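Colleague: sequence and predicted model, in that order:
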Amino acid sequence: MQPVAYIVSEELVRVSSLLPSNRNRSLLVHSLVSAFGIQSLALPDGQRCIKFLRPRRATSKELLAYHTRDYLDFTLNPSNDYEDLSQVAEFGLQDDCPPFKGIQEYIPLVAGATLTAVYAFKENICEVAVCWDGGRHHAQKSHASGFCYVADCILAILALRRLPPSPSSGPPRRSRVMYLDLDLHFSDAVSHAFHNPSVTAMSQVLTFSIHHAAPGFFPVSPLSSLPNPEDALFDPFTLSLPLQKGASCRTFARVWPIIERIKDTFQPDFIVVQCGVDGLAGDPMATWNWSIGGLGSLGWCIDRIVHSWSGKKLLLGGGGYSSPNAARAWTFLTSVAAGRPLSLDAEIPDHRVFPLYQPSFTLDVAAGNMQDQNSNEYLQHIEDVFGRVQAILQRLSGESP
Ligand SMILES: [Zn+2]
């Protein structure tokens, strides 16, 4: 097994910690990974499980693979005083996405961090890469949105689909990239970027977002409902699985076979997983009741993906507004990805932000008491809908359903 590539540098932590919606979260995450000594984990043969990779800054050319020149000229201009309110509004730099000191460094560095993982795949340095500062799934081509200023997920998918497919993919074909989004919020920007309702053959990119849905819940998008093959917008490669309030491990364990069947039909060479943790119990969003350990948990999903799915996997961050819980979850997921899962009962090691882990001072992010409102009838309906989607995908892949 090759070591897992873990993307980090002091500069990335410093700059990512300036993100207004998640101030200092990056510092907590990387400090906890380090405090648990994950960088020193080794396999029985003495080989290291983790390889730290320093990110580089994305170049203008790389950012222009998706973002518009106007957006980059405005956000990356060091002398911009953001006093032109019409432009501030045009580029979405208001409300939940204010301009912030460091934005000129943040955008190229976070994009570069995620693209460093793509580079590591290209150079066969690793099969699994982790970039907790990435996963900015709401950022659009020329518009910041939902705490996201840089479309690193989209840039990574665009770069991955240019790499050669895995050698075991059979007859010559182009690479396939599956994007799976586990954040509480719908992956609107990523889903829209690759949405093509007139698709008639296998696509190179399949996006699948599992998210909370309720009237008015951010982000409002026509693509965030259950897929409907009769709808004019239907694209079997742009999939959405909306869940109700209180979604718990039980619900995720029930819907997980749907995701695996879609993956088996699509046969991706690369899997990009947005591991937003705002659906975990204890998050200020207080919407789902998911946890990190046990059947159907976030940790269980990542263990399945990393250790049972073929293809190269890129794990990204995302939402998560309890910084200590985001640090707990992503530290645990790093250990899962490395094949050396930490005990959820493990005590938080003493380190400089130790007091923030009160009152439990342990690693676990356990479920709370919220009721799971995903009824058996609703989950059955989801299974029926995806049974039809699955049949369409199989036809497109040339398999008999
Ligand atoms: Zn979110």
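Modeller: Done, it's in.
Colleague: what's near enough to touch residue 92?
Modeller: The neighbourhood of residue 92, defined by Cβ atoms under 8 Å, 6 or more residues apart in numbering, consists of 140, 143, 144, 145. For the C-beta atoms, the positions are set from N, CA and C on the backbone; glycine is no exception.
Colleague: burial measure for the third one, as a count.
Modeller: This points to residue 144. Counted by other Cβ atoms under 10 Å, the residues lying close to residue 144 total 26.
Colleague: gap between it and residue 276?
Modeller: Computed with Cβ to Cβ, to the nearest Å, the distance linking residue 144 and residue 276 is 17 Å.
Colleague: okay, among the contacts of residue 92, which ones form the most distant pair?
Modeller: Farthest-apart pair in the contacts of residue 92 is 140 and 144; separation 7.7 Å (Cβ to Cβ).
Colleague: where in the protein is pLDDT low?
Modeller: Along the chain, the model assigns pLDDT under 70 to residues 399-401.
Colleague: what's near enough to touch the residue sitting nearest the centre point of it?
Modeller: By Cα atoms, centre = their mean, the mean C-alpha position of the chain lies nearest to residue 274, the distance being 1.0 Å. Taking Cβ under 8 Å, 6+ apart, we find residue 274 in contact with 135, 137, 153, 179-183, 187, 190, 316-318.
Colleague: gap between the closest residue to residue 93 other than its chain neighbours and residue 85?
Modeller: In space, residue 93 comes closest to residue 99 once its chain neighbours are excluded; the distance is 4.9 Å by Cβ to Cβ, 6 or more residues apart in numbering. The spacing between residue 99 and residue 85, counted by Cβ to Cβ, is 12 Å.
Colleague: what sits closest to the closest residue to the ion within the stretch 101-250 of the chain if chain neighbours are left out?
Modeller: Here the residue of the stretch 101-250 of the chain nearest the ion is residue 185; by Cβ to the ion that distance is 3.5 Å. By the measure of Cβ to Cβ, 6+ apart, the closest residue to residue 185 outside its immediate chain neighbours is residue 211, 5.7 Å from it.
Colleague: how many neighbours does the residue nearest to residue 24 when sequence neighbours are not counted have?
Modeller: Taking Cβ to Cβ, 6+ apart, and ignoring the residues beside it in sequence, residue 24 has residue 17 as its nearest neighbour in space, at 4.9 Å. The criterion is other Cβ under 10 Å. On that basis, residue 17 has 20 neighbouring residues.
Colleague: surely the residue of the stretch 101-250 of the chain closest to the ion meets residue 221?
Modeller: No. Taking Cβ atoms under 8 Å as the contact criterion, residue 185 and residue 221 are not neighbours in contact, 10.1 Å apart.
Colleague: quick check: neighbours shared by these two?
Modeller: Counting by Cβ under 8 Å, 6+ apart, residue 185 and residue 221 have no contacts in common.
Colleague: of these two, which one has the most company?
Modeller: Shown here are residue 185 and residue 221; by other Cβ under 10 Å, residue 185 has more neighbours (26 against 17).
Colleague: on that earlier part again, go through the contacts of residue 274 and flag which are in strands.
Modeller: Counted as lying in strands by DSSP state E, out of the contacts of residue 274, are 179, 180, 181, 316.
Colleague: next, count neighbours for residue 178.
Modeller: In terms of burial, residue 178 registers 26 neighbours under the definition other Cβ under 10 Å.
Colleague: in space, what's closest to it - neighbours in sequence excluded?
Modeller: Spatial nearest neighbour of residue 178, excluding adjacent residues (Cβ to Cβ, 6+ apart): residue 268 at 3.7 Å.
Colleague: now residue 100
Modeller: Sequence neighbours aside, residue 20 is the residue nearest to residue 100 in space, at 5.1 Å (criterion: Cβ to Cβ, 6+ apart).
Colleague: got the phi/psi numbers for that neighbour?
Modeller: Backbone geometry at residue 20, expressed as degrees, to the nearest 10, gives phi -60, psi -40.
Colleague: so what's it up against?
Modeller: Each residue near residue 20 by Cβ under 8 Å, 6+ apart is listed here: 97, 98, 100, 147.
Colleague: count of neighbours near the last one?
Modeller: Burial of residue 147, expressed as a neighbour count using other Cβ under 10 Å, amounts to 18.
Colleague: likewise for the second one?
Modeller: One way to gauge burial is a neighbour count; for residue 98, by other Cβ under 10 Å, it gives 13.
Colleague: and it, what helix or strand is that in?
Modeller: Assigned by DSSP states H and E, residue 98 belongs to no helix or strand.
Colleague: from residue 144, how far out is it?
Modeller: For residue 98, the distance to residue 144 - Cβ to Cβ - is 9 Å.
Colleague: who's in contact with the residue in the chain that the ion sits nearest to?
Modeller: For the chain, the nearest residue to the ion under the criterion Cβ to the ion is residue 319, separated by 2.7 Å. Applying Cβ under 8 Å, 6+ apart, we find residue 319 in contact with 147, 183, 184, 185, 276, 277, 278, 285.
Colleague: residue 165 too?
Modeller: The contact partners of residue 165, by Cβ under 8 Å, 6+ apart, come to 173, 174, 175, 176, 269.
Colleague: what kind of secondary structure is residue 228 in?
Modeller: For residue 228, the assignment made with DSSP: H, G, I helix; E, B strand; the rest coil gives coil.
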